[in-house]
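Q: Model the following, please.
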Amino acid sequence: MASGGAQAQSTTGTIFGQVAASGGETVLIENANGFRREVGVDARGRYVAAQLPLGTYTVSLRRNGQTVDSRNQVALQVGAGTDVSFMAAATDKQATNLGAVTVVGNALPAIDVTSVDSRTVITAEQLARLPLVRSAEAAALLAPGVNRNSANFTTATGKPLVSFGGSAATENAYYINGFNTTDPLNGHGGITLPYGAIDQQEVYTGGYSAQYGRSDGGVINQVGKRGSNAWHFGAQVLWEPSYTRSDYTDLYYANGTPASPVAGRLYDPKSGNKLWTTTVSAYAGGPLVKDRLFFFLAGEFERQQGANVNAVDNSKPYQTYRYDSPRWYGKLDWNISDSHILELTGASDKRKGSGAVYDYDYTARRQGALINADDNTKVGGDLYVAKYTGYLTDNLTLSAMYGEMKTRDYDVPGSYDGDLTYVSGITNQNPALNGGVPRGNNQTVSTLYDPARGNKTTNTRLDLSYHLGDHTLSIGIDNQRSEALNQGNRNSGPGYTWQYGHTNTPNLPLVSGLGVPAPADFPNGQGGYYVQKNVANNAVSVRSMQRAQYVEDKWQVSDRWLLSLGLRNDQFTDYNPSGAAFITQTKPQWAPRLGFSWDVNGDASFKVYGNVGRYYLSMPLNPATGAAAGYVSTQQYYTYGGIAADGTPTGLTVMSNPVSANNSFGIPPDPRTVTAQGIKAENQDEFILGFTKAAGSTWVYGAKLTQRILRNAIDDFCDVNRVLDKAQALGYDIASSNSCYLINPGRANTFNLVTTGGQLVGVPMSNAELGFDRLKRRYYSLETFLEHPFDGTWYGKLDYVFSRSYGNTEGQVRSDLLQGGASASEDWDNYAIMEHTNGPQNNDHTHVLKLYGYYQLTQEWQLSANLSVQSGNPRICLGYYGPDHTDPVGYGNAYHYCDGQPSPPGSHGRLPWLHQLDLGVTYRPLFAAKRLAFNANVFNVLNEQRPTFLQPNSEQAPYSPNPLFGTALYREEPRYVRVSVSYDY
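A: Predicted coordinates for the structure are as follows:
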């Protein structure tokens, strides 16, 4: 055995093996595309050929220039090593062929004993056979430890995000052909390939090498198809008809009704929703110059149309919509020579939306008159990548990659009346002033965005690998520059919006922590009715630079033991809107990666492996648009004596000046004061121990233990008065304070402040002075699996995972509050919001079972299935603070108190178990040589629509029950059918 030198998030594979050497042997590796590489055999009969393009190879043993043995149909798997050994004493061309090592007929593939990581690879063949939603995330859900985010966070193009191993859904990395496509602003997914262009998708759940980083969740790595010497083309049409989709479940207020209900207990008549989708795709690939230059081109166009009946308090009661999603992928492969390869990749993943907004009669359940055209949106973008690979010698390989990605986030109203003011919370209006009928207007636009809003990323990699005896040594750099352009927004209309509210305790201060008094102290406030004016304004461009260097040694200690020894150094620098650095993490941040693989029996039938590693995660750009910028976010409270025909309040009496829980009054902070001194990057330690074993000739099974410990995080801290009080106690006269500061939560921090004399001073604060417990997020799991590789008749895999994800933070986001802004959620903003937060986090599912596979019933008919069973995540109950239902820091109903009692996560039970069964059938008639295929899939066969997210806020004001509390805002998708016809040549 020899070290395979496999790489995570790579685009290549490795062939290695053992030869019964007698002298003068070489191994020739070649495929039908003209690729040819010949490597030497060392004195102990070992050879290795790393960084080979994915494909199917013939591997030949040669002695003195003559072929004496060969293996055919050797198919590579991305990032993995394939053992091709010639252990018979081959003396001539007639030597016995010991059999191919890859999946051919009923042969069981050998276990990859050169890997020390945890990954699931889904091939194009499996993607075509299994009943899956056509997205990278849906394919990733096949991997153990991967679950859908319960808050329904999505990528820019509308794909649901997933959580890996207890991490937040924004802490993952996405790759296409080695380029990092992750959203730089918030980490909400990334650009992905057209479904039919995927050759292999690697789902990485832990233990990856020092060559890659910037993820403490998981990795979705897609490798696109490439052309060959044979011409191939095909097309496919898919339909998801509206009439085959079951009705959505209507939503009702689960905790009473509001002051001015629209239709009694009815909150959202979702059964009126309609949705249908049509997708067409095509591809072609072949040689431009035989054996030298190849191309592959794929295109996909998806049109999704439908109508949504929205909630009774939504400013857009009834929406019709159309989303057009054009995607394309192109690749050129140039075999310059046997030693030099150039690859050029282009890809695009976009979504364009439009629609119309109508009135709706919620009592009669009938669509009304047109209000206006809905927003025009254009999201997603393009990427272009160039990669060079040079096999400089048999043992020395150089690869270099450079790529650019640009995305848009265009959102402009289709029609917009700037004279109207946006009004929300109309169900909380005083019924004595509106006749019991909520009163609003036709302003459906609350926020305006810069049409030029978008992001840009460049990625540069340089990797050098050298095979020296028992060692495969690698060194390299991995640099990435990210920009968020023209991010931010402002209020529509006159520059502010109105929001109505109601409290059952009008004699108590409304927001005690911000000095907002009781409504009853003002005219027309005795009934507890009030209104607030909201003002928000922000528009900035920011950037970051992420650099990394690594060194790694894959050491074949003996025939059965492999050690992987790696060290990575990450550096991160973040810049504010003025171009000044406010985070400079350029000192070494060492991330060791140590792994082993033990080939217990020496025949790749039983592997024991382990991995220990630290992973650093750079801060997304989102906090730079907030804490590092001078944004405005204020509220001003009034009582009112009337309601105009357009829903705006009249007869106003001022209750307060503009207030802001985060001191966000539009003053740009000094970049030296944005972060705590010496702020450290988010990092996590991971520990893995597992085994994989063959059971006879037809089964593979295994188990793995994993523990992940979040050691450090970055988040915003907004309890500025605590910092100012400490500064005053130290004798400092401070000129001004920031809206929020970026800190390492759960530990001591030293704040930089500027005195009235212009001096920069440090104000140290212990964790106790900040009012926090120590940061805690821990995840542990036991994964088990049983797999039956495809033997020409059937394939099946069963995974069961027992896990716990617990602590006092989910990570960068708050799924339980639908807060998807990375590193800018309410977590750690102040002491009060973090009380009683310890417990199972929102992405915790104790039991998850996954079973999927396919069965070749006859030559023409194939059946497939995909079953997922998972226990529910914790129920959450949030409310006002403490037994007196106060609001000490202006965070309203988001404290971990319920009915005045402490309410930690997990103290109110769990949501119900979810059972998702998807089935498929495919017919490939023999009369068309199996090139023509008809397919039908049924998703959620049981039509189970159990809740996945319950509204968590128990009060809408102190002692005032929130009618929406416990309402199932998100449920499983109803049953629907997809049919398709395809032709492949």
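
Q: Look at residue 127 and tell me its secondary structure.
A: Three-state call for residue 127 (DSSP: H, G, I helix; E, B strand; the rest coil): helix.

Q: so it makes contact with residue 200?
A: No - in this structure residue 127 lies outside contact range of residue 200 using Cβ atoms under 8 Å: 9.2 Å. Placement of C-beta: from N, CA and C, glycine included.

Q: which of these two has more neighbours?
A: Neighbour comparison, residue 127 and residue 200: the larger count goes to residue 200, with 24 against 19 (by other Cβ atoms under 10 Å).

Q: got the contact list for the more buried one?
A: 54, 77, 78, 121, 122, 123, 124, 222, 223 (Cβ atoms under 8 Å, 6 or more residues apart in numbering).

Q: give me that answer again for 7 Å
A: 54, 77, 78, 121, 123, 124, 223 (Cβ atoms under 7 Å, 6 or more residues apart in numbering).

Q: which SS class is residue 565?
A: strand.

Q: Not counting its neighbours along the chain, what's nearest it?
A: Excluding its sequence neighbours, the residue lying closest to residue 565 (Cβ to Cβ, 6 or more residues apart in numbering) is residue 553, at 4.7 Å.

Q: Next one, pLDDT for residue 235 please.
A: Residue 235 is assigned a pLDDT of 98 by the prediction.

Q: which one's the longest strand in this protein?
A: strand 529-556 (DSSP state E).

Q: Show me what counts as buried in it.
A: Using 16 or more other Cβ atoms under 10 Å as the burial criterion, the residues of strand 529-556 that qualify are 529-550, 552-556.

Q: Kindly report the same for stretch 927-939.
A: Within stretch 927-939, the residues that count as buried by 16+ other Cβ under 10 Å are 933, 935, 937, 938, 939.

Q: what do you get for stretch 122-135?
A: 122-124, 126-135.

Q: In terms of distance to residue 912, which of these ranks first?
A: Nearest to residue 912, judged by Cβ to Cβ, of the buried residues of stretch 122-135 is residue 133 at 21.9 Å.

Q: what about the closest one, helix or strand, and which?
A: Here residue 133, judged by DSSP states H and E, is contained in no helix and no strand.

Q: Residue 170 too?
A: Counting by DSSP H and E, residue 170 is part of no helix or strand.

Q: what sits against it?
A: 186, 187, 188, 620, 812, 813, 822.

Q: ok, how many other residues are close to the last one?
A: In terms of burial, residue 822 registers 25 neighbours under the definition other Cβ under 10 Å.

Q: was I right about it contacting residue 188?
A: No - if you go by Cβ atoms under 7 Å, residue 822 and residue 188 don't touch, sitting 8.1 Å apart.

Q: isn't residue 867 right up against residue 851?
A: Yes - Residue 867 is in contact with residue 851 according to Cβ under 7 Å; the separation is 4.5 Å.

Q: In strands, which of the contacts of residue 200 appear?
A: Counted as lying in strands by DSSP E, out of these, are 121, 123, 223.

Q: which one of those residues sits closest to residue 690?
A: Nearest to residue 690, judged by Cβ to Cβ, of these is residue 121 at 16.5 Å.

Q: So which residues of the stretch 601-750 of the chain form strands?
A: 606-617, 632-639, 642-643, 649-650, 653-654, 682-695, 699-712, 715-717, 741-743, 749-754 (DSSP state E, counting those that start in this stretch).

Q: tell me the most buried of these?
A: strand 715-717 (a mean of 27; mean count of other Cβ atoms under 10 Å).

Q: The closest residue to residue 503 other than its chain neighbours: neighbouring residues, count only.
A: What sits nearest to residue 503 in space, not counting adjacent residues and going by Cβ to Cβ, 6+ apart, is residue 957, at 3.2 Å. Neighbours of residue 957 under the rule other Cβ under 10 Å: 25.

Q: give the contact list for residue 957.
A: Shown in contact with residue 957 (Cβ under 7 Å, 6+ apart): 501, 502, 503, 504.
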